[in-house]
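Colleague: Give me the fold of what follows.
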Amino acid sequence: MLLYVTVHRTCIRYVIITQVAILAEAGDAIEEAAYGYGRHLGIGFQLIDDVLDITQSSAEMGKETSVDLKLGLATAPVLFASEEYPELLPMMMRKFQEDGDVEAAHEIIMRSNGIPRTIELAADHAHDAIKCARELKQEMFVDELTAIAKKLLTRTK
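Modeller: Purely as a prediction, here's the structure:
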């Protein structure tokens, strides 16, 4: 379920790369590489977005944070944290709607391995995006797409 939500929340932005490859009649191998790049980049981007929603302040982000928790969403950091801290599970089931749930969940997530594990998963997807970019065999595009994939891991907003 997490993969489905993640892919559909962000990856749509990047799947356009596949559509461009199709329109350019690039061939099946290039279309698959372009789709893979967009998919992995989109998932990695969303995972980092989930991390920033928990680790950054509203002032740092320039927008409200902890939005996903307030909406009752259990993102990757929450799911990973719940493996260590099962007390998150009842909060997840009630979608963090009781008084103090968002704050308690935030505190638990920050002391868990949820954030590092999510960053590691995002890095795996960035690495997979780079592998797909290399299959495009156009050096100019490969360099640019590789730089974009690496940048997603260091973004702070």
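Colleague: Please enumerate the strands of this structure.
Modeller: Defined through DSSP state E, the strands belonging to the chain form an empty list.
Colleague: which regions of it lie under the pLDDT threshold?
Modeller: Confidence mapping of the chain against pLDDT under 70 gives the ranges 1-26, 139-140.
Colleague: Which positions in the longest helix along the chain come out as buried?
Modeller: Of all the segments of type helix in the chain, defined by DSSP state H, the longest one is helix 28-55. Judged by neighbour count using 16 or more other C-beta atoms under 10 Å, the buried positions of helix 28-55 are 30-31, 33-55. Where you see a C-beta, it was placed from the backbone N, CA and C, and this is true even at glycine.
Colleague: Please enumerate the helices of this protein.
Modeller: 2-6, 12-23, 28-55, 58-61, 67-70, 76-84, 88-93, 101-111, 114-134, 139-152.
Colleague: Could I have the CA atoms of the fifth one written out in PDB?
Modeller: Output of helix 67-70 as PDB, limited to C-alpha atoms (Å, rounded to 0.1, in the frame of the first residue of the first chain):
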ATOM      1  CA  VAL A  67       0.800  17.600   7.400                       C
ATOM      2  CA  ASP A  68       0.700  13.800   6.700                       C
ATOM      3  CA  LEU A  69       0.300  12.900  10.300                       C
ATOM      4  CA  LYS A  70      -2.400  15.500  10.700                       C
END
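Colleague: I'd like to know which elements it is packed against.
Modeller: Using 3 or more C-beta pairs under 8 Å, 6 or more residues apart in numbering; DSSP states H and E as the contact criterion, the elements in contact with helix 67-70 are helix 28-55, helix 101-111.
Colleague: With distance to residue 147 as extra columns, can I get the ones you listed in JSON lines?
Modeller: Converted to JSON lines, these look like this (distance: least, C-beta to C-beta, whole Å):
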{"stretch": "helix 28-55", "distance to residue 147": "12"}
{"stretch": "helix 101-111", "distance to residue 147": "30"}
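Colleague: Okay then, goodbye and thanks.
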